[in-house]
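Peer 1: How does the following fold in three dimensions:
(2 chains)
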Number of protein chains: 2
Amino acid sequence: MELEISKDFIENIEQLILNKNDDALLLLLAEEHPADIAEIIDLLNLDRATYLFKLLDSEKTAEALMEIDEDDREKILKNLSAEEIADEIDELDTDDAADIIAELPQERMTEVISEIEDKAHAKDIVELLQYEEGTAGSLMAKELIKVKESWKIPTCIKKIRSQAQEVSRVHSIYVVDNNDILIGRLSLKDLLVSKDDVDISDIYIPKVDTVNVTDDVEDVARIMQKYDLEAIPVIDDDKKLLGRITIDDIVDVIKEEAEKDYQMAAGLTDDVEADDSIFELVKARLPWLVLGLFGGLAAASIMGGFEDALLKFPELFFFTPLIAAMAGNVGVQSSAIIVQGLANDNIRGSMLNRLFKEIGLSLVNGIFLAMLIFVFGAFLNYNINISITIAISLVIVIIIASLIGTFVPLILDKKGIDPAVATGPFITTSNDIFGIFIFFFIAKIILGF
Amino acid sequence: MELEISKDFIENIEQLILNKNDDALLLLLAEEHPADIAEIIDLLNLDRATYLFKLLDSEKTAEALMEIDEDDREKILKNLSAEEIADEIDELDTDDAADIIAELPQERMTEVISEIEDKAHAKDIVELLQYEEGTAGSLMAKELIKVKESWKIPTCIKKIRSQAQEVSRVHSIYVVDNNDILIGRLSLKDLLVSKDDVDISDIYIPKVDTVNVTDDVEDVARIMQKYDLEAIPVIDDDKKLLGRITIDDIVDVIKEEAEKDYQMAAGLTDDVEADDSIFELVKARLPWLVLGLFGGLAAASIMGGFEDALLKFPELFFFTPLIAAMAGNVGVQSSAIIVQGLANDNIRGSMLNRLFKEIGLSLVNGIFLAMLIFVFGAFLNYNINISITIAISLVIVIIIASLIGTFVPLILDKKGIDPAVATGPFITTSNDIFGIFIFFFIAKIILGF
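Peer 2: Alright, predicted model coming up:
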């Protein structure tokens, strides 16, 4: 059912734009979903994208605007007048509208808001702009369906009908008192199933999950997932109903959160995409590479300190990358398990249990790998003491690397720091250094250089 | 609004179970959400969990069963009779019911199905069990609301009311012909807004997004996200309406997919959690560590082949871990960007453009890092030729590592292989080996040993 956007299709559109054949363009795109329009706009150059954008109905382009890549959106909006932007804003729900407006420069922001025709809509958007990013307030929409406890069913149905025109998805009907204090909900299903002569006070459900407007969006996501909610009302400290968060906004939060953990583990400081500019990509990638470089310089210094062993035991130097790599791999594995566990809230049991478990696990893995080292050493006629040194070091390095990978994120989390910073380059670099130091230290004891 | 499950609370429950104080337990847990019940059960030992499970109403425990950790669920189900399990199943929607039954051993599965009281429910579950894991069929529920095109509005409302009793969330009303072929949909909102005297044929929307029962769940997730759908009907090749997938099931798919990419990048072969057994954790972690070990052995062999340089240029060996680490870091960064880009379907532009961009990016990063090497070398009075060797090697290694990190996942994806396998240990290990080889090769040319 999805539109396949072929090269031919785009070329056709480009040709129609070139010929200013507006009727054909409108006909061609009449049935397309805004998400597909957004994809087409992403593939056109700026001038053509702007042309198409101005040509199409704002009902269609407004939704498309939400789906376009942020960089492209900024450029297109620069080409539109404040009035044209306000037309788009008029078509959007308040949460999406506020997101778009928040991306504008301050001056243009005021101008666009003043051009919005529906003044109630403008007022709602201004309210939403005040909430701090990352809070429930920044994610909620003002559109919702609410009925007053004091209403009778016929009034209720009439009011719901008029409110439903504004709300793209109904989900729940909230019940408030005369001061807009949330006291319960009506499920749509109950409304469908109930007979017409029933009173609201008889059918409303007083138990309703809520979040506070200042709650963290990640907590909102966790609660909505845990209780399988498709929408949740947002209230203030007085329980006044302020807005509503729906699951489609939460899907983005969940996805971004999971992706962010991976990005940090991969040594990317920003949320970069393959199509970002080289400058943005450098900014996201270079800092962690510099950290890795300093780690490598530290490793070089450590090895330089053991230069005496170079002549008698060159194999030690050949095996250093192996030790470093294993320390890094083990650390990354352990930290990934902990970071995902913390994100999913399923890290249970005491620190002491975890300590024993990690040591047990590392012993199993380490001893298996140490045996492979012996086989390899026998095969290549290594000095048995060299094999013993490498094998023992490997087991100890694996144990220490897994403990660092496990407990550094756990401790950061306890201190309220995002544990994901401790994955990736941080863990590989520090484990490299520890690993190499331990390796040479043990070698010095066993081989006595 | 979330229940805080304190240690005291659990101890209280344990005490009540010990005293077989059923009334107090039922009273204490009467108002709790099934998700909270699940959390409590996860924290009890098996005997107590089973006791509580049998005590509580199956309406509550059935939903809780879905939320319990899979391992715990298996153990609890072992302690229940087929009839008791069937009671739970009777309370669940068909998709959840099929998931639970699919986890049972074959023999018990048949037994439980025969004990299900609602035979239509049992038949639906048996149908769902036939669909292959990972397809739309395996994710859909049979519960949905459908009306026939030929019905008049009063029949429609009556039928919807009776169907709505069975469906936990309404979302859309599907319109079918007399052969159950999907021909359109009614939005609930339209139903709310429409007057009572309107005909179905006048208000149904013939355009409806669908997925085929054999479609991959990841494609279903992509379509539902792209078009912002909260539910999508599932049809067969004849367009017969078979079931419905809702966004809450898709949330899990999206999350698991993002987490899986990270796990593969971290060198974990299975979806393991911190609380899994040591055996499961070893199984997930050891294979990639063995790969890393072989990589390290290969690196050792390469370095052994350049043993002649050991005396004259020991610094080369001290800097090998740095080169290997940088190659690994750069490869992981590049592959993470590509894998996330492919997952989000935003990798655009030609391969050639991407090639130039990666080279440009790597030159910027590489030259900056090379300058740091010079500064460090000057500081420690390194032979200038050594600094030049390290610097040039670093730039070349960064370019090659970023190209491997970029193009290996892209090529795998083109060949229909999950690109995530090329992140993590695979990329770090191969980049280590390439990096070390290139480093010594360049050193041999510049330093001439």
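Peer 1: May I see the buried residues of stretch A:217-230?
Peer 2: Neighbour counts over stretch A:217-230 (16 or more other CB atoms under 10 Å in any protein chain shown) mark A:217, A:220-230 as buried. Every C-beta, even on glycine, is put in place using the N, C-alpha and C of the backbone.
Peer 1: Can you get me a residue count around the residue in the stretch 301-449 of chain A positioned nearest to chain B?
Peer 2: Nearest residue of the stretch 301-449 of chain A to chain B: A:Leu322, at 2.5 Å (CB to the nearest CB). Using other CB atoms under 10 Å in any protein chain shown, A:Leu322 has 28 other residues around it.
Peer 1: Just to check, it is in contact with B:Ile302?
Peer 2: No. Using CB atoms under 8 Å, A:Leu322 is not in contact with B:Ile302; the gap is 11.4 Å.
Peer 1: what are the ranges of the helices in the stretch 101-250 of chain A?
Peer 2: Under the criterion DSSP state H, counting those that start in this stretch, the stretch 101-250 of chain A contains helices at A:106-115, A:119-129, A:136-139, A:153-164, A:188-193, A:200-203, A:217-226, A:247-265.
Peer 1: For those helices, which has the smallest mean pLDDT value?
Peer 2: Lowest mean pLDDT of the helices of the stretch 101-250 of chain A: helix A:188-193, a mean of 68.
Peer 1: Once you drop chain neighbours, what's closest to A:Asn344?
Peer 2: Closest residue to A:Asn344 apart from its sequence neighbours, by CB to CB, 6 or more residues apart in numbering or on different chains: B:Glu273 at 7.9 Å.
Peer 1: Now do the SS call for the one you found.
Peer 2: Secondary structure, DSSP: H, G, I helix; E, B strand; the rest coil: B:Glu273 is coil.
Peer 1: Verify the stated contact: it with A:Asp345.
Peer 2: No. The pair B:Glu273 / A:Asp345 is not scored as a contact, 11.2 Å apart, by CB under 8 Å.
Peer 1: Between these two, point out the one with more neighbours.
Peer 2: Taking other CB under 10 Å, B:Glu273 and A:Asp345 do not tie; B:Glu273 has more neighbours (19 against 11).
Peer 1: Return the residues in contact with the most centrally placed residue in chain A.
Peer 2: Nearest to the mean C-alpha position of chain A, counting by CA atoms, centre = their mean, stands A:Glu256 at 1.3 Å. When contacts are counted by CB atoms under 8 Å, 6 or more residues apart in numbering or on different chains, A:Glu256 is found next to A:Asp271.
Peer 1: tally of neighbours for the residue of the stretch 151-300 of chain A found nearest chain B?
Peer 2: In the stretch 151-300 of chain A, the residue that lies nearest chain B is A:Gly296 (2.5 Å; CB to the nearest CB). Around A:Gly296 there are 29 other residues, counting by other CB under 10 Å.
Peer 1: just for chain A, where's the confidence low?
Peer 2: Regions of chain A meeting the criterion pLDDT under 70 cover residues A:1-3, A:166, A:168, A:170, A:188-189, A:191-194, A:196, A:270.
Peer 1: domains for it, by residue range?
Peer 2: What automatic domain parsing lists as the domains of chain A is A:7-134, A:145-245, A:278-447.
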